[in-house]
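Enquirer: Quick one: sequence plus predicted model below, questions after.
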Amino acid sequence: MLMKLLLYGLLGAGIFIVGILLGHFAIEKGGPPAPEWVEDVSRDVDEGLIERFIKEVDNIEIQENLRMLTSVPHMATTEGDEQTVQYMLKRWGDPESGLDDAWREEYKVYLSFPSSILPNKVTVVSPSNAVLFTAREKELAYEPDQAHPDVVQPYAAYSPPGHPKGKLIYANQGKVSDYEYLNTTMDIDLNGTIAIVRYGGAGRAAKAINAFPFGVIGVLVYTDPLDINDGRMSDANETYPHSWYLPPSGVERGSFGSQFGDMRTPYLAAKEHTYRIPESDIRGIPPIPIQPIGFEDAYALICELGGQAAPADWHGAFNCSYTIGGPGFNSASLYHNSDVKLDIYNKGELKNSSNVMGVIRGSVEPDRYIIYGNHRDSWVHGAIDPSSGTSVMLEITRVLGRMVKKGEWRPRRSIIFGSWGAEEFGLIGSTEYTEEYYSKLRERTVAYINVDISVFGAGSDYAAFIHFLGITSMDIAYTYDRSKTKARIYPAYHTAYDTFNYASQYIDPGFTSHQTVARTAGNVLLRLADSLLVPFNCSDYAESLEQYLQTSLNFSSKLADKGISMEPLKNAVAKFRTAATSLNKMIRDSTLTKETPLKVRRINDQLMLLERAFLDPLAFPEKYGYRHVIWASKSSPVPTFPGLADAFARAQESNLSTDWSQVHKHLSIITQAIEGAAHTLGDVI
């Protein structure tokens, strides 16, 4: 399940929870109180300990953690990354405030880097091959750390190398519908063209994957000031360094793959000896070269295009007439009759990447795990993504580690901390960990907590835990009030400007938001680790299923016309509600501290394993890594069961009997999954 709670000011607390829920947390001065239901089942938790933990979390310590973590660029597998590995090991091995144990785990993974000798180039070339325009290769440095020699040139990780040259076309966000509009509605031949698109609307890789069938041979992608800067464009007085907004040369780097985990070892941990598929068999990456550029360069290109006017909803913040290209530039442009050329020299490499792991062993149930994680690698300095989350994690482990070392506390259940490697390339470190320890984690893990971007929420390392293993997961972050800005994420995201100074000046002066996240995450962690009964509420799950059911009932009349009934699904959801209510009543009516340990363990296992009941490894054969029938990704905007929503959308569009059969199939899959989950909540026999 996905929930968000926005609180005060520009930033507000956001808690994103998938699975059986602990409930909402409100952020207040004294720290986050537990929800009523959690207090009821976790009354055995030492509230004094939690209060002490909250008081000892220090915003200055978090600030200094961030300063250290962002001292050099630390892209995955680089020298800077190794420095952060050593720093994490040192902190978690500290004799006074460290964990019980800390170690590194190595994986050999497939990554993509630009050439260190031949930088990627974007140029406009005349018919006589004269270079008329060259896009900026590196972002403009406003501070010394942005000019560090290890700042990687902006590039699209996993874009193939190549040298496409062709007439430029503006294709909005690079969605299939955008290319179809150009090709069909506007009757433009896209064969041999270069498309320029803006971030948003479609995934990074999809912008090129969608373009390829239409004959497009290369793609440029940029961040439009309308989408990230509330329209502001000038670094003279509007953008960074004068505010938090992205400056004109800023470029969002990123992984242009659409699957998570190591691409050459699907469903296998990427160890030295592991079988690897050929590079040619990798799926979900761009089939044509693609390169990100800054909006200053996009402005110089888009405003020179010819052709017909672009639709109004394709317009960004540029103060020029938006046209789609003829293809190519307008007749009055200096670039008329000229081509755009991409020279891309990216190369895939096998590299050793490390996870840093730490543990506080449980005293009563050491074989039950609460996992707390965040990735360590960044595209450049990564102050917000991911070091804000790592600085919070280090403060939590410092406070808890001191309690353990002094002999003042030990959790009931084991707490595992993970500093994941190579997340930016596709959630690699966390995914490989789940693949290597699949059997153990599936049987023993109670919950996974993720704190990545402490001061914004985004897709992160919880993916493999919830989608692949079916482990209840939570992502905690402070986020912003979207009534005050239209920015789709913080503007310096994945750029050289995401530095310590940027974070301390514009995102969280005083680091009080970081402190609040640490207190909230630690509160949740302690309750999960120490409660006699795991503080999960399966009635929240019933509520989510009922909401999804109500939305899906809008399909009823269409399905009835095809002889497909929604009654089995309605009955399944009702059974789940009954089972959840019955289990909750049994819990409330029990004096758990007087029950046998075996009974408490049995109830905890029912709560812990409920999430696994919704896994179906055959439900989404076309979606790598997605096995959870409630929370899988979907293309349809309809907020209901993902497989059913996507199948219904396809069938409506095509009206093919085979597609309506798929709707019936997904309806059966979700119905039987819910019925099966309900059975796990009932009596054991």
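Expert: Structure received.
Enquirer: how about the helices in the stretch 401-550 of the chain?
Expert: 428-436, 438-444, 462-463, 500-502, 512-530, 538-552 (DSSP state H, counting those that start in this stretch).
Enquirer: Turn those into JSON lines, columns for distance to residue 165 and mean neighbour count.
Expert: Every residue, glycine included, has its C-beta placed from N, CA and C. Below are these laid out as JSON lines (distance: least, CB to CB, whole Å; neighbours: other CB atoms under 10 Å):
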{"stretch": "helix 428-436", "distance to residue 165": "33", "mean neighbour count": "27"}
{"stretch": "helix 438-444", "distance to residue 165": "46", "mean neighbour count": "15"}
{"stretch": "helix 462-463", "distance to residue 165": "37", "mean neighbour count": "24"}
{"stretch": "helix 500-502", "distance to residue 165": "37", "mean neighbour count": "21"}
{"stretch": "helix 512-530", "distance to residue 165": "47", "mean neighbour count": "25"}
{"stretch": "helix 538-552", "distance to residue 165": "48", "mean neighbour count": "19"}
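Enquirer: export those to JSON lines and tack on distance to residue 64 and mean pLDDT?
Expert: Shown next, in JSON lines, are those (distance: least, CB to CB, whole Å; pLDDT from 0 to 100):
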{"stretch": "helix 428-436", "distance to residue 64": "25", "mean pLDDT": "98"}
{"stretch": "helix 438-444", "distance to residue 64": "33", "mean pLDDT": "97"}
{"stretch": "helix 462-463", "distance to residue 64": "27", "mean pLDDT": "94"}
{"stretch": "helix 500-502", "distance to residue 64": "10", "mean pLDDT": "98"}
{"stretch": "helix 512-530", "distance to residue 64": "11", "mean pLDDT": "96"}
{"stretch": "helix 538-552", "distance to residue 64": "38", "mean pLDDT": "96"}
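Enquirer: Mind checking those helices for the one nearest to residue 308?
Expert: Set against residue 308 and scored by CB to CB, the helices of the stretch 401-550 of the chain come closest in helix 538-552, at 38.5 Å.
Enquirer: Tell me the gap between that closest one and the middle of its chain.
Expert: Its chain's C-alpha centre and that of helix 538-552 lie 24 Å apart, by CA atoms, centre = their mean, to the nearest Å.
Enquirer: Need the residues that contact that helix.
Expert: With contact meaning CB atoms under 8 Å, 6 or more residues apart in numbering, helix 538-552 is reached by 1, 19-21, 23, 566, 569-570, 573, 576-577, 580-581, 583-584, 607, 610, 630, 638-641, 644-645, 674, 681.
Enquirer: In helices only, show me those residues.
Expert: 569-570, 573, 576-577, 580-581, 583-584, 607, 644-645, 674, 681 (DSSP state H).
Enquirer: The residue of the chain most remote from its centre: which element?
Expert: Within the chain, residue 128 marks the point farthest from the mean C-alpha position, 45.3 Å out by CA atoms, centre = their mean. Assigned by DSSP states H and E, residue 128 belongs to neither a helix nor a strand.
Enquirer: before we move on, what about residue 370?
Expert: Going by DSSP H and E, residue 370 is in strand 365-375.
Enquirer: same for that strand, what does it pack against?
Expert: Helices and strands touching strand 365-375, by 3 or more CB pairs under 8 Å, 6 or more residues apart in numbering; DSSP states H and E, are helix 387-405, strand 413-420, helix 428-436, helix 438-444, strand 445-450, helix 512-530, helix 597-609.
Enquirer: what does the last one contact?
Expert: Outside helix 597-609, the residues that touch it by CB under 8 Å, 6+ apart are 20, 365, 368, 445-446, 472, 532-534, 536, 538, 583, 586-587, 590, 592, 680-681, 684.
Enquirer: Just the buried ones from these?
Expert: 20, 365, 368, 445-446, 472, 532-534, 536, 538, 583, 587, 592, 680-681 (16 or more other CB atoms under 10 Å).
Enquirer: picking that back up, kindly write the PyMOL command that selects the buried subset of the ones in helices among the contacts of helix 538-552.
Expert: Remark: buried members of those, expressed as a PyMOL selection using 16+ other CB under 10 Å:
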select buried, resi 569+570+573+576+577+580+583+584+607+644+645+674+681
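Enquirer: and of the ones in helices among the contacts of helix 538-552, the nearest to residue 486?
Expert: residue 645 (26.8 Å).
Enquirer: Pull the contacting residues for the residue lying closest to that closest one once chain neighbours are set aside.
Expert: Using CB to CB, 6 or more residues apart in numbering and skipping the chain neighbours, the partner closest in space to residue 645 is residue 636 (3.9 Å). By CB under 8 Å, 6+ apart, the contact list for residue 636 reads 642, 645, 646, 648, 649.
Enquirer: Closest one to residue 329 out of the residues you listed, please.
Expert: residue 649 (37.9 Å).
Enquirer: Wait, a strand at the closest one?
Expert: No - per DSSP: H, G, I helix; E, B strand; the rest coil, residue 649 lies outside any strand segment and is helix.
Enquirer: per-residue confidence averaged over stretch 64-73?
Expert: Averaging pLDDT along stretch 64-73 yields 98.
Enquirer: how long is that stretch end to end?
Expert: End-to-end span of stretch 64-73 (CA to CA, to the nearest Å): 17 Å.
Enquirer: burial measure for residue 63, as a count.
Expert: 20 (other CB atoms under 10 Å).
Enquirer: Appreciated, that's everything.
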